[in-house]
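> Sequence below, structure please.
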Amino acid sequence: MEEARIQAARERFQGRAARKARTQQLAPGEAAFDHPQTQADWRRTRRRVRWSLTLFSVVWTALFVALALVSPELGLSAKAEHNVTGGLGSLLFLSYLFILYFRLSSLSCLRRIRDVLRSDVWHPIPAARRHSGAKDPYGVPVQLDRGTGHATGGPAAREPVRKTKGAPKVLSARNPVHRRRWHPAMEQGAWYAGDADLAVLALPGGTTLMELTPRQGY
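As a prediction, the model looks like this:
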């Protein structure tokens with residue numbers, strides 16, 4: 001088990017190194033992140049996550065202060081007041097930690113998406129299909145239809161799309177904000193950037209970005 005974790009960590013490090021090397025090889029303006037619609041969509045999503053985190057923090061602080069001010073006015077005994085404020089305070093704190101975890105996870109996902117988009121060009125593919133027979137607690141199980149192995153149309157039509165042998169592998173696609181939200185339009189065509197360890201999926205035009213990774217445990 002320990003060897004598997006070490007190997008996984010080594011592969012992640014090698015993947016980051018490979019993406020950094022590809023980033024240095026791309027000409028200015030060529031990377032997928034330089035696409036105007038892609039960059040605008042990424043920035044808009046990041047603003048949405050940051051705003052929701054700020055708003056929830058303000059609301060949580062206001063509720064906590066209100067609880068501290070109101071509890072002495074309820075006329076409860078010291079023990080009852082302690083139980084009420086302790087219970088509600090713990091509930092508020094746990095809810096804040098829950099939201100904080102998911103919002104920070106969303107920001108981390110966006111950073112990984114940005115790193116991938118800076119290290120590759122967009123590759124249009126015929127379709128990305130949701131796999132109805134598989135389950136994925138971390139996202140949406142999808143299979144990529146790479147067609148003939150060559151992009152047709154789009155900003156990177158001259159680039160070959162990376163094609164694997166055999167049946168398409170089931171991957172995990174994650175929306176940065178709502179991790180299991182899927183856009184059926186991707187089944188009519190999608191754009192792809194990245195490698196087998198970490199990639200990005202988007203609607204044609206480079207919007208509605210999703211992180212694409214191997215399914216954990218499969």
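> Which residues does the helix or strand hosting Y192 contact?
Following DSSP states H and E, one finds Y192 within strand 190-194. Strand 190-194 has contacts (Cβ atoms under 8 Å, 6 or more residues apart in numbering) with 19, 32, 116-117, 119-125, 127-128, 144, 154, 161, 199-206, 212. Where you see a C-beta, it was placed from the backbone N, CA and C, and this is true even at glycine.
> Now the buried members of those residues.
19, 32, 116-117, 119-125, 128, 144, 154, 161, 199-204, 206, 212 (16 or more other Cβ atoms under 10 Å).
> Next, the residue nearest to E30 when sequence neighbours are not counted: secondary structure please.
Nearest residue to E30, sequence neighbours excluded (Cβ to Cβ, 6 or more residues apart in numbering): V121, at 6.1 Å. Here V121 is coil, with the state taken from DSSP: H, G, I helix; E, B strand; the rest coil.
> shouldn't V121 be in contact with D34?
No - using Cβ atoms under 8 Å, V121 is not in contact with D34; the gap is 9.3 Å.
> Look through the protein and tell me its longest strand.
Longest among the strand segments of the chain by residue count, using DSSP state E, is strand 207-214.
> Name the residues of that one that are buried.
Buried positions in strand 207-214, judged by neighbour count with 16+ other Cβ under 10 Å: 207-213.
> And for stretch 52-61?
Across stretch 52-61, burial judged by 16+ other Cβ under 10 Å covers 53, 60.
> Give me the residues contacting it.
Applying Cβ under 8 Å, 6+ apart, the contact partners of stretch 52-61 are 92, 95-96, 99-100, 103-104.
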